[in-house]
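Student: attaching a predicted model along with its sequence, questions to come.
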Amino acid sequence: MRWLVPLAEAHEAARFGRKAAELAVVGALHGVHVPEGFVIDASAFEAVLRSSLPASQWPDGLLSGPAVDRRAARLAAIRQRVLDAPLPDGLEAALLQAAQGLGDRALAVRSSGLHEDATMASAAGLQESFLGVRGSAALVDAVRRCWASLYAERALTYLARQRGASAVGMAVIVQVMVDAECAGVLFTADPLDGSRGVAVIEATRGLGVAVVDGRSTPEVLRVRRSDGVVLQRTEARASVATVLSADGGIHEQVLADRAREAPVVGDGLLLDLMTLADRVEAQSGEPRDIEWAWERGALWLLQSRSIVGLPGAPSAARGLDDRRGWIWSNVNVGEALPGVATPLTWSIAVAFSERGFRKAFAGLGCEVTPELELVGIFHGRIYLNLTNFVRVARQVPLLSPRMLIELGGGGGLEAVEQQVPPGSWWPFVRRLPRTAGILAAENFGLGDRLRRFEADFSVARSRFAALPSETASRVVLRAALRDARALLDHTGELMLTCASGYLASIVAMRELLRRVLPGESERLERELLAGFADLDSAAPGIALVHIAEIARREPAAREVIMGTEPLRLTVGDLPLGPTRRAFESFLKAYGFRCPREAELSTPRWREAPGTLFAAMRAYLQQSDDRPIGRVERQLRLRAEAEDNLERRLPPVARSGARHLLARTQRFARLRERMRSRVTEVLGFVRSIALAASARLSQPGGVADGAFYLTVDELDAWLGGELSDAEAIIAIRRAEVARDLARPDPPASFVGSPPSVASSPEPVGDRFTGVAASPGVVTGRARVLRDPADGALLTPGEVLVTAVADVGWTPLFLVAAAVVTELGGALSHAALVAREYGVPTVVNVAGVTRALKTGDRVRVDGDRGVVERLECE
């Protein structure tokens, strides 16, 4: 049996994988240099499987079996059997002989899966690569580990989602390592906007592994393909380079100052990269994602594949059931849960969201099939499936998908409207009597249901508070977890009823205002939906201002707050007196909230009050223009807006308009109250997870292991039905760390995120977003990444941040205006901003990179526009 062939001969993708086959093809092009090497036939891996594992544990068997068979710890045992299995007869000798033919040089050992790099469904990065391999033993070990990496939980989960995936197998590529002076990625079309006339280059000093893995902030060039002109260059931010080690492997090396400051891509390399782009794209007939390396004046191609999820690629032609064309967005959910979620969080959040959306759509009379996927996880981040979302919403007459997406913050709107055409309304009409009955039943007596709920919730709150977390047995904790999950389901259903009522009222009121006052409808809508003064999400900020006023009159407390680093402060540091008593009452009422409160691993305010003290310090810097004055002004503005609407409506419409407005305002309050209750229940789950973590064996004494289990796994472990929890936690902890090191994928994409997210720097001085809270303000920008830095915000500054949830809102009362990258007009932060009378623009793409602290900006919360008037 001939187990391996030279790379140049590996043209059969069915034997050697698409990655190897692509390299064989492009390596034959004139002027394209591919490092010398060879490929181990996928039949070698198959032979290892036959000799060491039952068929049910082969990749295809696991993919067709139950999900429990793909659990992390069970896969770890299978991986070990693959590592221990003998090599097929003759393979080791052939492998070492071929390696000897490459000379005494460091090698790269990489997978070439038979399932990898299929158009629009790339599995790039799911299997491991080994760089700088030296010596016979290390080479054999690297090949084994490549095979074993196919049994990673994440890899098989991904492949299980790709329902149309081809047979799963793996060849292995062995090549000479390029000792790169610089390396990176070349996209022959812009991976974010789909422009075929622009190439995007990402480059870093040393090896390109840090760019490909997303661990480095590379130099980014956007280059016009027609003439090679650099349209935009963003400097690299790196103090180290990854380089080859003399004795094998790779390591990081500190860069000299001159290397840090000089451009990575010079004129000669740029010309060669553009020539490479032309040649490779001409051969393939489509835009390419190319990994490259530069060594002593020579440009080497390391990999070439299709650009995954390229905007503008024809998706409608594939059909709506083809997930490769699905449009995903986190513009809305990214505000509620930004960044990487721990497994415990996403296992609850995805199920909660799926169930909630299905119930909401069913309540509208829509048909939602069980297999329809509405929520997904990419690189640890939660995304909504806009394609399927709009696909369902199209069933409802007069319910505009455009309005739904705009209310949620936009993102992928034009593409999804083209992708999902309107369908027949007849099925909806046929179901209308039943739908009307369901809606009437849900809303009839809602007030009584909510009153009963509040009474029951108060009892549940006391019960969870009395849970002896330090001494409770696993049986008791399991019962508490199940109670919390049941309470979360019930609370979520009520929240959804209130949110659906709010959305329906908003849609109706918006339509009324557009018809009656077409030129003023948007401004009037924002004024009418402000000045409640009793929204649950606005209450913490207002209460904190009152505490600051107490501290202003208590010199000893004021001195502690102003003279101590906020993150080091606790309630016990405050002197006994009115400020401390008020703060203790605040934590009793609102201590379950925090920034990024949907993430269960995040400490709540009562555990870590540092961000509150940062906000209080900022309040205490205020002049006589107290924050509470703005809230009072909002009350007056809303009353004036109501009078204005009343005067200008025809008499026949006034009664109906008053009823609609009262209904909208009522549901706004109820939605925020129930969102607060959901957050409180998540706090109960967190307490149980912390108690469980204390009972798990973990290295380094870090008691957070339960957050790396899914909620079902945690339940099973508490019940003694999961014996390998520690192994699962170790694997998941590494996966979360890898996801945290990656840059966020784009806010919207098709199919799968681009292999490297390279958002272009926003250009110009005018940025548009969604108008969230009215008013026009000019001030200096303060760009903050964390509310813990809130003490840096001074009165009159414009708060600029990527995302702001309720945990950020106490700072709104200090800011002159607020600007965020994510969010919609109905987001919780937008509602709070309107309550506080703070001009706000949300969904401003890239604004935290475009603006610098100290820039003088003008924020127009009426038009959704941010303008830079002067640089810092």
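Tutor: Sure thing, it's come through.

Student: who are the neighbours in contact with Ala804?
Tutor: By C-beta atoms under 8 Å, 6 or more residues apart in numbering, Ala804 lies in contact with 335, 812, 818, 820, 823, 829. Backbone N, C-alpha and C define where each C-beta goes, glycine included.

Student: apply 6 Å and report the result again.
Tutor: Residues near Ala804 by C-beta atoms under 6 Å, 6 or more residues apart in numbering: 820, 829.

Student: got it, and Arg638?
Tutor: If you count contacts by C-beta under 6 Å, 6+ apart, then Arg638 has 530-531 around it.

Student: cool, and the one 3 residues further on?
Tutor: Taking C-beta under 6 Å, 6+ apart as the criterion, Ala641 is in contact with 524, 527-528.

Student: not counting residues beside it along the chain, what's closest to it?
Tutor: Distances taken as C-beta to C-beta, 6 or more residues apart in numbering put Glu527 closest to Ala641, at 3.8 Å, once the chain neighbours are dropped.

Student: secondary structure class for Ser462?
Tutor: Following DSSP: H, G, I helix; E, B strand; the rest coil, Ser462 is assigned to helix.

Student: repeat that for Val5.
Tutor: Recorded secondary structure, Val5: strand (three-state DSSP).

Student: look up the pLDDT of Leu131 for me, please.
Tutor: Confidence at Leu131, expressed as pLDDT, is 93.

Student: the residue nearest to Ala641 should be in a helix, yeah?
Tutor: Yes. Counting by three-state DSSP, Glu527 is found in a helix.

Student: that one: how many residues sit nearby?
Tutor: When neighbours are defined as other C-beta atoms under 10 Å, Glu527 has 22 of them.

Student: so where does Ile377 fall, helix or strand?
Tutor: In this assignment (DSSP states H and E), Ile377 forms part of strand 375-378.

Student: what's the first helix or strand after that strand?
Tutor: Next element after strand 375-378 (DSSP H and E): strand 381-385.

Student: direction included, what does that following strand pair up with?
Tutor: Looking at strand 381-385 with DSSP bridges, its partner strands are strand 327-329 (antiparallel), strand 375-378 (antiparallel).

Student: Trp346 is nearest to which of the ones you listed?
Tutor: Nearest to Trp346 among the strands paired with strand 381-385 is strand 375-378 (5.7 Å), distances taken as C-beta to C-beta.

Student: please tell me how far Arg296 sits from Ser245.
Tutor: Separation of Arg296 from Ser245 (C-beta to C-beta, to the nearest Å): 19 Å.

Student: for Arg686, which non-adjacent residue is closest in space?
Tutor: Nearest residue to Arg686 in three dimensions, chain neighbours excluded: Leu600, at 4.9 Å (C-beta to C-beta, 6+ apart).

Student: also Arg233?
Tutor: In space, and not counting its chain neighbours, Arg233 is closest to Leu221: 5.1 Å by C-beta to C-beta, 6+ apart.

Student: so that neighbour touches Ile201, yeah?
Tutor: Yes. The criterion here is C-beta atoms under 6 Å, and Leu221 meets it with Ile201 at 4.3 Å.

Student: those two - which one has more neighbours?
Tutor: A side-by-side neighbour count of Leu221 and Ile201, using other C-beta under 10 Å, places Ile201 first with 26 against 23.

Student: what about the more buried one, which SS state?
Tutor: Relying on three-state DSSP, one would call Ile201 strand.

Student: now the one 10 residues further on
Tutor: Applying three-state DSSP to Val211 yields a three-state assignment of helix.

Student: give me the number of residues near it?
Tutor: 27.

Student: hang on, the earlier thing: would you mind finding the most buried of the strands paired with strand 381-385?
Tutor: strand 327-329 (a mean of 27; mean count of other C-beta atoms under 10 Å).

Student: picking up where we left off before, now do the residue nearest to Ala641 against Ile542, distance only.
Tutor: Distance check for Glu527 against Ile542: by C-beta to C-beta, it reads 19 Å.

Student: now do Asp60
Tutor: From Asp60 to Ile542 the distance is 59 Å (C-beta to C-beta).

Student: more neighbours: which of these two?
Tutor: Ile542 (20 against 15).

Student: now the more buried one, nearest residue through space, not along the chain?
Tutor: Val631 (6.3 Å).

Student: buried ones in the one helix or strand the one you found maps to?
Tutor: Assessed by DSSP H and E, Val631 sits inside helix 627-648. The neighbour-count check on helix 627-648 (16 or more other C-beta atoms under 10 Å) flags 627, 630-631, 634, 637-638, 641-642, 645 as buried.

Student: before we move on, what about stretch 268-275?
Tutor: Buried residues in stretch 268-275, counted by 16+ other C-beta under 10 Å: 269-270, 272-274.

Student: now do stretch 765-781
Tutor: Across stretch 765-781, burial judged by 16+ other C-beta under 10 Å covers 765, 767, 769-775, 777-781.

Student: residues in contact with Leu301?
Tutor: By C-beta under 6 Å, 6+ apart, the neighbours of Leu301 are 32, 34, 292.

Student: how far out from the middle of the chain is stretch 278-288?
Tutor: 31 Å (C-alpha atoms, centre = their mean, to the nearest Å).

Student: ok, now how distant is the closest residue to Gly790 other than its chain neighbours from Ile547?
Tutor: Spatial nearest neighbour of Gly790, chain neighbours left out: Ala614 (3.7 Å); criterion: C-beta to C-beta, 6+ apart. According to C-beta to C-beta, Ala614 stands 13 Å off from Ile547.

Student: related to what we said a few turns ago, the residue nearest to Arg686: neighbouring residues, count only.
Tutor: By other C-beta under 10 Å, 25 other residues sit near Leu600.

Student: and if you look at Ser129?
Tutor: With other C-beta under 10 Å as criterion, Ser129 counts 17.

Student: quick one, phi/psi of it?
Tutor: With angles defined as degrees, to the nearest 10, Ser129 sits at phi -120, psi 150.

Student: what about the nearest residue to it once chain neighbours are set aside, distance to Asp456?
Tutor: Computed as C-beta to C-beta, 6+ apart, the closest residue to Ser129 that is not its neighbour in sequence is Arg110, at 4.3 Å. Separation of Arg110 from Asp456 (C-beta to C-beta) stands at 57 Å.

Student: compare these two (neighbour count), which wins?
Tutor: Neighbours around Arg110 and Asp456, counted as other C-beta under 10 Å, are more numerous at Arg110. The numbers are 24 against 12.

Student: just checking, next helix/strand downstream of the host helix or strand of the more buried one?
Tutor: Using DSSP H and E, Arg110 sits in strand 107-113. Next helix or strand after strand 107-113 toward the C-terminus (DSSP H and E): strand 129-133.

Student: show me what contacts the residue nearest to Gly790?
Tutor: Applying C-beta under 6 Å, 6+ apart, the residues near Ala614 are 566, 788, 790-791.

Student: and if you look at Phe613?
Tutor: Counting by C-beta under 6 Å, 6+ apart, Phe613 touches 566, 569.

Student: ok, which stretches of the stretch 701-850 of the chain are helices?
Tutor: Ranges of helices in the stretch 701-850 of the chain, per DSSP state H, counting those that start in this stretch, are 711-718, 725-741, 828-836, 847-850.

Student: could you do the stretch 551-700 of the chain as well?
Tutor: According to DSSP H, counting those that start in this stretch, the helices that the stretch 551-700 of the chain contains are 555-563, 578-590, 610-620, 627-648, 651-695.

Student: what inclination does the second one have with respect to helix 651-695?
Tutor: Relative orientation of helix 578-590 and helix 651-695, computed by axes from the mean of the first three to the mean of the last three C-alpha atoms, to 10 degrees: 100 degrees.

Student: in the stretch 301-450 of the chain, which spans are helices?
Tutor: Along the stretch 301-450 of the chain, counting by DSSP H, counting those that start in this stretch, helices occupy 333-336, 343-363, 386-393, 401-408, 413-419, 426-443, 446-465.

Student: brain fart, the stretch 51-200 of the chain
Tutor: 59-64, 72-84, 91-101, 136-148, 153-161.
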